[in-house]
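Novice: Need coordinates for the following:
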Amino acid sequence: VWPVLEGRRVPEILVSTITREALLEEPSSTIYRLSLGDKELCRFPLPDSPMRGRDANPRGGMRGARGVAVAGDEIFVANYGSILRYDREWNLKSIISHPHCADIHDIAFHEGRLWVTSTWNDLLFQFDLDGGAKAIIDLWENGGIANFFRVHQSKSVRDIDVCDPRMYERAMTDRFHLNSFAFAPDGDLMLSLGQIRVNGHCESALVALGANGGARVVHHNSNAPVPSHNIEFMPDGTLLHAETANARVLRVYPNRQMAAETVLETNGGYTRGLCLLKDGRAAVGVQNEVWIFDPTSGEIAQRIRISDDARESVHSIVVVDW
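Specialist: Next comes the predicted model:
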């Protein structure tokens with residue numbers, strides 16, 4: 001039963017988490033349903049990727065629940081290589097997958113299609129609700145992005161099963177760490193390139209793709225020792241960005257030359273997961289907590305701890321509006 005407060009529905013969010021360094025016999029993927037009024041907390045374990053046992057990464061790797069999206073009365077939640085489609089009672093209805101789509105990060109619905117980041121090979125997929133791949137945006141073929149960041153691809157990983165780590169070499173993959181995206185009011189597609197490997201060091205950037213395929217960089221961080229992540233457009237056309245590398249939330253002005261300001265400092269906490277609430281506030285994940293804050297002033301209204309496990313951290317947050 002969804003809670004009601006003073007005759008109206010309490011704001012609800014779904015939060016996905018990853019338990020880093022989880023042992024193989026431990027679950028690493030969890031979805032939380034969080035009521036912001038009375039802090040009611042429910043949890044649902046999500047199946048891990050079946051390939052997780054082949055992953056040599058001791059930290060994140062193939063662990064964890066990833067992006068979350070809501071369409072009508074259905075919930076779509078990603079793990080490393082699949083999107084699981086549930087009804088609101090968490091009955092599994094179908095699974096969406098593709099052999100060239102892996103290390104999924106954010107997912108979202110736009111114009112009737114499910115958009116999915118395939119971070120492992122720098123692709124952005126568009127699926128229909130039945131799981132058919134309708135279009136693929138390839139960062140290596142759009143807008144001169146590779147040339148701008150002086151990144152060169154040695155070998156292709158476009159035509160192999162990237163869900164299976166035995167099929168490729170690690171150095172071939174994940175050159176841009178495409179992990180989030182958002183749609184601007186003017187129709188541009190904004191991409192978060194969370195960790196661009198350039199000449200022995202890492203950078204991050206936000207890049208706008210226009211309808212004609214041209215690209216322009218609207219924010220650039222020349223030092224990203226850990227990937228930066230989510231982006232969300234505000235009603236006024238500015239952009240909130242979870243700049244994980246610097247443990248803060250930025251407000252980016254896409255129409256000004258490289259203009260950004262810090263809205264919220266997260267005091268070194270792993271800043272991942274970001275969404276706007278219906279009342280104008282925003283929610284951001286800070287390690288194993290969700291912070292509710294004013295995106296203009298940065299004032300924190302709530303800090304809600306969802307787990308006492310220090311290994312667990314928020315991946316994605318989405319509003320439920322049922």
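Novice: CA atoms for contacts and neighbours, from now on please.
Specialist: OK.
Novice: which residues in the protein form helices?
Specialist: Remark: helices assigned in the chain by DSSP state H are 145-148.
Novice: Mind telling me which residue is nearest the centre of it?
Specialist: Nearest residue to the geometric centre of the chain (Cα atoms, centre = their mean): residue 106, 3.2 Å.
Novice: ok, the residue nearest to that residue when sequence neighbours are not counted - how many residues close by?
Specialist: Closest residue in space to residue 106, ignoring its immediate chain neighbours: residue 67 at 4.2 Å, by Cα to Cα, 6 or more residues apart in numbering. Residue 67 has 28 neighbouring residues, counting by other Cα atoms under 10 Å.
Novice: which residues touch residue 67?
Specialist: Residue 67 is in contact with 16, 77-79, 104-108, 315-317, counting by Cα atoms under 8 Å, 6 or more residues apart in numbering.
Novice: just to revisit the earlier point, thought the residue nearest to the centre of the chain was touching residue 179?
Specialist: Yes. Counting by Cα atoms under 8 Å, residue 179 is a contact partner of residue 106 at 6.0 Å.
Novice: list residues touching both of those two?
Specialist: Residues touching both residue 106 and residue 179 (Cα under 8 Å, 6+ apart) are residue 117.
Novice: Next, count neighbours for residue 61.
Specialist: Number of residues near residue 61 (other Cα under 10 Å) recorded here: 14.
Novice: Next, please give the residue ranges for the strands of the stretch 51-200 of the chain.
Specialist: 68-71, 74-78, 82-87, 92-97, 104-110, 113-118, 123-127, 133-138, 178-183, 189-198 (DSSP state E, counting those that start in this stretch).
Novice: Now render these as TSV, adding distance to residue 309.
Specialist: Output for these, formatted as TSV (distance: least, Cα to Cα, whole Å):
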stretch	distance to residue 309
strand 68-71	21
strand 74-78	22
strand 82-87	25
strand 92-97	27
strand 104-110	22
strand 113-118	28
strand 123-127	32
strand 133-138	37
strand 178-183	25
strand 189-198	25
